[in-house]
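> Any chance you can model this:
(one chain, ligands or ions: 1)
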Amino acid sequence: MEERKVKLELKDMAKKYDNGDGVEHINLKVYEGEIVTFLGPSGCGKSTILRTIGGFMDVTDGDILVDGQSIVNLPPEKRPTAMVFQSYNLWPHMTIYENLAFGLKLRKVPKKEIDAEIKKMLELVSMSGFEKKYPGQLSGGQQQRIAIARSLLLKPSLLLLDEPFSALDAKIRQQMREELKKIQSDLGITVIFVTHDQEEAMALSHRIVVMNKGKFDQVGTPGEIYDSPATLHVASFIGEMNFIRNGGSTIAVRPEDIVVNKGHGPMEAVVRTIMMLGHYVVLTVQRGNEIIKCYVDRELSDQLREGDLVNLTIGKHTVFSRAA
Ligand SMILES: Nc1ncnc2c1ncn2[C@@H]1O[C@H](COP(=O)(O)OP(=O)(O)OP(=O)(O)O)[C@@H](O)[C@H]1O
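All right, here's what the predicted structure looks like:
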């Protein structure tokens, strides 16, 4: 197999704030052309890591390398990175063209080349013809696309995105994800993405870093993290999961991995609610004082009523040696 090139390496990196918060012992390799997402609840340290990569904060320990070169002593503008924040930070008094041209002008790129690059980039983000408008005349999604285009024009080796879609409504968010994925694969750039939205992380990433309280819980592909969560935190944070007590341990099983049959059996439960969600049905059942969620098909749910006795068969699951 072809050896993959390491684009970014975090080496025992730490960023500690004066109050003791922050992150430490951060080790990660990101390969060229990957989208890697830092995912975790608010305050777990995602933005801290991204800001240290972008140079907006100094590390307190360890090293950050891009293409094998340490970048920790470089100011943000000298780093091979570009960062897009949650708020788009477009200059309101400048047209879209001027916003896009600004960084290139600073780099003394000739005007003809600037015009050609901007034209190409606007096509890429589906915003051709918007050159003369002002940011205030654009929707949130359009402004965010311009903000991403502005970063891409600087041809960063690494694009850093800090919850860039969180201000957008659900539908545009989804559209933006698809567009980002397309731009990323067209240009072959490496992207580090930060979000607290597990669905967004699953949809976008080649690999996900699930964080909890300043540490990495698991690093893996969306499939690996969904199928084999390494910790109870990962199991509860990603997707729907049931936690069933079994002595001192916990069985984590997804609603789609429980087979439900009518009648008696070794693992009996009582139907509590039946919710039709179109192509599948969500069933909640009560077993002792635990409520378990299962996905079943219409054929079975049509035969079930609340209060019916069912038997559960647990399929694929993970056992954790402590209580959830
Ligand atoms: N400038 C700062 N000074 C002191 N503590 C900080 C500072 N910035 C962040 N923290 C603390 O460091 C921890 C990590 O913060 P960080 O912003 O990296 O989390 P996050 O995962 O990005 O959260 P969110 O999703 O809410 O942005 C938090 O406990 C936060 O309170």
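> Only C-alpha atoms from now on, for both contacts and neighbour counts.
Fine.
> so where do the strands sit in the stretch 1-150 of the chain?
6-16, 22-31, 35-39, 61-66, 69-70, 81-84 (DSSP state E, counting those that start in this stretch).
> Return the most buried member of those strands.
Burial of those is given as mean neighbour count (mean count of other Cα atoms under 10 Å); strand 35-39 ranks first at a mean of 26.
> From the contact counts, what lies against that one?
If you count contacts as 3 or more Cα pairs under 8 Å, 6 or more residues apart in numbering; DSSP states H and E, strand 35-39 packs onto strand 190-195, helix 198-204, strand 207-212.
> Now look at it and say if it contacts the ligand.
No: Strand 35-39 lies out of reach of the ligand by Cα under 6 Å from any ligand atom, never closer than 7.9 Å.
> Within the sheet, what are the partner strands of that strand, with directions?
The strands beside strand 35-39 in its sheet (DSSP bridges) come out as strand 190-195 (parallel), strand 207-212 (parallel).
> The ligand is nearest to which of those?
Of all those, strand 190-195 sits nearest to the ligand, with 6.9 Å by Cα to the nearest ligand atom.
> How about that closest one and the ligand, touching?
No: residues of strand 190-195 contacting the ligand under Cα under 6 Å from any ligand atom: none, with a closest distance of 6.9 Å.
> and the angle for that strand with strand 22-31?
Computed with axes from the mean of the first three to the mean of the last three Cα atoms, to 10 degrees, the direction of strand 190-195 lies at 140 degrees from that of strand 22-31.
> Is it possible to get a markdown table of the strands paired with strand 35-39 that adds mean neighbour count?
What follows is the strands paired with strand 35-39, written out as a markdown table (neighbours: other Cα atoms under 10 Å):
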| stretch | mean neighbour count |
| --- | --- |
| strand 190-195 | 24 |
| strand 207-212 | 23 |
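> where does the stretch 151-300 of the chain dip in pLDDT?
For the stretch 151-300 of the chain, applying pLDDT under 70 flags no range at all.
> for the ligand, what are the nearby residues on it?
Residues of the stretch 151-300 of the chain lying near the ligand (Cα under 6 Å from any ligand atom): H196.
> In the stretch 151-300 of the chain, what residue lies closest to the ligand?
Nearest residue of the stretch 151-300 of the chain to the ligand: H196, at 6.0 Å (Cα to the nearest ligand atom).
> Pretty sure L312 sits in a helix.
No: the assignment for L312 (DSSP: H, G, I helix; E, B strand; the rest coil) gives strand, which keeps it out of a helix.
> dump the residue contacts of the residue most central in space within the chain.
Geometric centre of the chain, nearest residue: A201, 2.5 Å, by Cα atoms, centre = their mean. Going by Cα atoms under 8 Å, 6 or more residues apart in numbering, A201 touches T37, L39, T195, I208, P222.
> Chain neighbours aside, what residue packs nearest to the last one?
Of all residues beyond its chain neighbours, the one nearest P222 is M202 (5.4 Å), with distances taken as Cα to Cα, 6 or more residues apart in numbering.
> Report how many residues lie close to the one you found.
Counted with other Cα atoms under 10 Å, residues neighbouring M202 total 20.
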